[in-house]
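> no sequence on this one, just coordinates:
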């Protein structure tokens, strides 16, 4: 990621002072470093989008970009949620989503996190797990096909994310009795 020179100057101390970077809040730093490490270790098709969003969020907080103070959810955010649902099988980019919504990528990430209490990447993964859950409930197809239809790179990634979010593997989910299978998972999308 290239950091523009004006932002790089803001990251450094005031002119004439030592050339050191101001500190990032420990909680933010820890959260970002864990999330980035996870993305680099378990990369998938969404990793570049997630890493870009995390770095922009980290930099915007570090430089002191102000949050939108409005408590009302902006109309474009609801449009974005519909867009994500309607274009589920397409590849997304942060710049493309921001352009589609008519907002800056930093504003998109910050507003998204503020109103939905999760990052855009976390939301996308939850959305894909829920799509997989829905397909498993109505489709007897192969798990690899369901993984692909849910937007996962492969079946193993689908299985890992499904288990992380819902507590059981897709195979275990299928083997459960019908009434339990149809109960909605305990996972919120905002």
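Arrived safely, thanks for sending. Just so we're clear, the structure is a prediction, and the values are computed from it rather than from any experiment.
> Give me the residue ranges of this structure where confidence is low.
Along the chain, segments meeting pLDDT under 70 span 1-34, 59-71, 177-190.
> what's the longest helix in it?
Scanning the chain for the longest helix, with DSSP state H as the assignment, gives helix 120-138.
> Could you name the helices and strands sitting against the helix or strand just after that one?
The helix or strand immediately downstream of helix 120-138 is helix 143-149, counting by DSSP states H and E. Helices and strands touching helix 143-149, as assessed by 3 or more C-beta pairs under 8 Å, 6 or more residues apart in numbering; DSSP states H and E, comprise helix 120-138, helix 155-166, helix 170-175. Just so you know, the C-beta spots here come from the backbone N, C-alpha and C atoms, and that holds for glycine as well.
> how about these in JSON lines, adding mean neighbour count and distance to residue 76?
Converted to JSON lines, the helices and strands packed on helix 143-149 look like this (neighbours: other C-beta atoms under 10 Å; distance: least, C-beta to C-beta, whole Å):
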{"stretch": "helix 120-138", "mean neighbour count": "19", "distance to residue 76": "13"}
{"stretch": "helix 155-166", "mean neighbour count": "18", "distance to residue 76": "27"}
{"stretch": "helix 170-175", "mean neighbour count": "15", "distance to residue 76": "34"}
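> I'd like those helices laid out as a markdown table, including distance to residue 107.
Listed next are the helices and strands packed on helix 143-149 as a markdown table, based on distance: least, C-beta to C-beta, whole Å:
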| stretch | distance to residue 107 |
| --- | --- |
| helix 120-138 | 12 |
| helix 155-166 | 28 |
| helix 170-175 | 36 |
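> Compare those and give me the one nearest residue 37.
helix 120-138 (13.9 Å; C-beta to C-beta).
> Next, the angle helix 155-166 makes with that closest one.
Between helix 120-138 and helix 155-166, the angle comes out at 100 degrees (axes from the mean of the first three to the mean of the last three C-alpha atoms, to 10 degrees).
> SS state for residue 44?
coil (DSSP: H, G, I helix; E, B strand; the rest coil).
> How much space separates the residue lying closest to it once chain neighbours are set aside from residue 111?
Nearest non-adjacent residue to residue 44, counting by C-beta to C-beta, 6 or more residues apart in numbering: residue 153, 4.9 Å away. Noted for residue 153: a distance of 28 Å to residue 111, by C-beta to C-beta, to the nearest Å.
> who's more crowded, those two?
Per other C-beta atoms under 10 Å, whichever of residue 153 and residue 111 has more neighbours is residue 111, with 20 against 14.
> Would you mark the buried spots in the host helix or strand of that one?
Secondary structure assignment for residue 111, by DSSP H and E: helix 105-116. Buried residues in helix 105-116, defined by neighbour count with 16 or more other C-beta atoms under 10 Å: 105, 106, 107, 108, 109, 110, 111, 112, 113, 115, 116.
> Quick one: residues contacting the fourth one.
By that I understand residue 108. Residue 108 is in contact with 80, 94, 97, 98, 101, 120, counting by C-beta atoms under 8 Å, 6 or more residues apart in numbering.
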